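J.: Task: produce atomic coordinates for the following.
(one chain, ligands or ions: 2)
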Amino acid sequence: MAIYAIWNNKGGVGKSYLTFQLASEYARQNPEKKVLVVDLCPQANSSSMLLGGMSDGERYLTRIHTTQPRRTISGYIEDRIRSPYMSPNSGGDYVTNVSQLNYRVPVNLYLVVGDEQLEIQASRVTSATFPGPQDAWRITHLWVRDLITDILTSWNDEDSCVFIDCNPSFSIYTELALSAADRLIIPFSADGSSKRAVKAVLSLVYGIRRHPGDRQSDYYLESTRYRMALPAIYMYIGNRLTQMNSSSASAFKTVVNEIGDEIWGIWQSSPQAFCVHPHGSPTPNSKRAFKVMFQYEVNDANTASVVSGALGIPIASLKAGQKDFAGRSVTVNQPQLDKQVPNITQLVQNIE
Ligand SMILES: Nc1ncnc2c1ncn2[C@@H]1O[C@H](COP(=O)(O)OP(=O)(O)OP(=O)(O)O)[C@@H](O)[C@H]1O
Ligand SMILES: [Mg+2]
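T.: Residues are numbered from 1 along each chain as shown. Ligands and ions are numbered 1, 2, ... in the order given. Prediction:
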């Protein structure tokens, strides 16, 4: 069992879209496993896609958000604000079997629904837990790990895999996600500011200073103080590769490679921050081997991507043809699907 956080300190890079696609595809490829998505973003975008997209997904979200008890991530956080230091073992109450609401996703896919209340709870998490016992920071940072443990226990520890969609900000709930995860997937888009964002991830999570003398994050310092494991870098994904023409494709590759070089530099000084995979693989001993193991690309599938998210149909099961949504009819064509489906399929084959 592995727990993956999908995070970058930058908005709009495809965290939620990839969470939706990767979790759905992982569930399809591994029907014998249970797959859990924990949506730790107040925007609840991956929840919306999983639950059926713009129309059905949003309707279900509203229903879930207005039903008491609130079966969302915020319902569980509320339990923890009431019982910060003692696990209430209530995590199993907060799971939704996605296929009961959206038949397009595999039956073995489960979700802890995202909730905008997280934003309001964030400051209460801090005020409810500090001051507290000496290791209040450590206990609080294990809340989401406790939630996942409860759910896995309710599944009798069946073989499973967990994906956590994160908010771009390095807020308390992102910290809880990172402390729950054993592995980190970093998506980025190929624009000029992506390199800076990836450097921010490396500095906030792993304490890698951008400039000599820079202060390290409390998250890094406290995790180290309490000897808590940091999530190990598992993949970085150049997302939304556009192939309009060969020059845009090569511009994209240049940015992806630049970022790859940056991360390769970290590998050379801190290989313990990475998760060599698949299990049993030899440790990469060249930049080329490093990139084969850690660097991935996902193409922009244009209309097919929009339709996939808007209708909550995982891209690997989306068929070409006319699709209706938001009162309009659009055409998904096969070449669009052929651009992205092989990327997602292959990427998921590399997720253990
Ligand atoms: N590979 C892709 N091809 C086409 N569209 C994509 C792809 N990846 C993401 N998108 C689209 O890009 C937009 C931003 O993606 P998404 O919402 O997943 O980003 P995010 O990182 O979760 O953003 P936020 O930081 O706001 O949570 C969405 O409209 C999504 O559908
Ligand atoms: Mg998102």
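J.: alpha carbons only for contacts and neighbour counts from here, please
T.: Will do.
J.: burial count for the nearest residue to Y206 once chain neighbours are set aside?
T.: Spatial nearest neighbour of Y206, chain neighbours left out: Y220 (6.1 Å); criterion: Cα to Cα, 6 or more residues apart in numbering. Y220: 18 surrounding residues under other Cα atoms under 10 Å.
J.: Provide the secondary structure category for Y220.
T.: Under DSSP: H, G, I helix; E, B strand; the rest coil, Y220 falls in the helix class.
J.: can you tell me how far it sits from ligand 1?
T.: Separation of Y220 from ligand 1 (Cα to the nearest ligand atom, to the nearest Å): 22 Å.
J.: what do you get for V105?
T.: As judged by Cα to the nearest ligand atom, V105 and ligand 1 stand 17 Å apart.
J.: for T254, same thing?
T.: 18 Å.
J.: what do you get for T129?
T.: Taking Cα to the nearest ligand atom, one finds T129 at 27 Å from ligand 1.
J.: Go ahead and confirm that residue touches A136.
T.: Yes - counting by Cα atoms under 8 Å, A136 is a contact partner of T129 at 6.6 Å.
J.: what about the two, which has more around it?
T.: Using other Cα under 10 Å as the criterion, T129 and A136 rank with T129 on top: 19 against 15.
J.: can you pull the contacts of that one?
T.: I81, P84, A136, W137, T140 (Cα atoms under 8 Å, 6 or more residues apart in numbering).
J.: What is the most widely separated pair among those?
T.: Taking Cα to Cα, the two most distant members of the contacts of T129 are I81 and W137; they sit 13.4 Å apart.
J.: For G192, give me its contacts.
T.: Counted by Cα under 8 Å, 6+ apart, G192 has contacts V255.
J.: Going forward, the N-terminal residue is numbered 12.
T.: Got it, the first residue is 12 from now on, which makes the last one we talked about G203.
J.: Give me the pLDDT value at it.
T.: On the pLDDT scale, G203 is placed at 74.
J.: Could you confirm it falls within a helix?
T.: No - G203 sits outside any helix when classified using three-state DSSP, being coil.
J.: mind checking how far it is from ligand 1?
T.: 16 Å.
J.: Show me which residues of the stretch 212-361 of the chain are close to ligand 1?
T.: Residues of the stretch 212-361 of the chain lying close to ligand 1 (Cα under 6 Å from any ligand atom) are N250, R251, V309, N310, D311, A312, N313, S316, V317, G320.
J.: Can you select the buried ones from those in PyMOL?
T.: Only the buried entries of those go into this PyMOL selection, using 16 or more other Cα atoms under 10 Å:
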select buried, resi 250+251+309+310+311+312+313+316+320
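J.: Next step: the residues of the stretch 212-361 of the chain next to ligand 1 restricted to strands.
T.: N250, R251, V309, N310 (DSSP state E).
J.: tell me which of those is nearest to ligand 1?
T.: Nearest to ligand 1 out of those is R251 (Cα to the nearest ligand atom; 4.0 Å).
J.: Can you tell me, leaving aside adjacent residues, what's nearest to the closest one?
T.: Closest to R251 by Cα to Cα, 6+ apart is D311, at 4.1 Å.
J.: hey, where'd the strands end up in this structure?
T.: 13-17, 45-51, 107-108, 120-123, 171-177, 194-200, 243-252, 306-310, 332-336, 339-343.
J.: Pipe those strands into TSV and attach distance to T30 and mean pLDDT per row.
T.: Formatted as TSV, the strands of the chain follow (distance: least, Cα to Cα, whole Å; pLDDT from 0 to 100):
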stretch	distance to T30	mean pLDDT
strand 13-17	7	98
strand 45-51	8	98
strand 107-108	16	98
strand 120-123	11	98
strand 171-177	6	98
strand 194-200	10	96
strand 243-252	12	95
strand 306-310	13	94
strand 332-336	22	93
strand 339-343	22	95
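J.: Would you format those as a markdown table with distance to E186 included?
T.: What follows is those, written out as a markdown table (distance: least, Cα to Cα, whole Å):
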| stretch | distance to E186 |
| --- | --- |
| strand 13-17 | 11 |
| strand 45-51 | 10 |
| strand 107-108 | 24 |
| strand 120-123 | 17 |
| strand 171-177 | 9 |
| strand 194-200 | 12 |
| strand 243-252 | 14 |
| strand 306-310 | 24 |
| strand 332-336 | 36 |
| strand 339-343 | 38 |
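J.: Looking at the ones you listed, which is nearest to Q132?
T.: strand 45-51 (12.2 Å).
J.: Could you find the closest non-adjacent residue to the residue in the stretch 62-211 of the chain positioned nearest to ligand 1?
T.: Residue nearest to ligand 1 within the stretch 62-211 of the chain: P179 (4.7 Å; Cα to the nearest ligand atom). Distance criterion Cα to Cα, 6+ apart; nearest residue to P179, sequence neighbours excluded, is N20 at 4.7 Å.
J.: Could you do K298 as well?
T.: Nearest one to K298, counting by Cα to Cα, 6+ apart, is W275 at 6.7 Å.
J.: Test my guess that the one you found contacts R299.
T.: No - counting by Cα under 8 Å, W275 does not reach R299; the two are 9.7 Å apart.
J.: Same drill for these two, tell me which one is more crowded.
T.: Neighbours were counted for W275 and for R299 using other Cα under 10 Å; W275 has more, 21 against 11.
J.: From Y37, how far out is C172?
T.: For C172, the distance to Y37 equals 8 Å [Cα to Cα, to the nearest Å].
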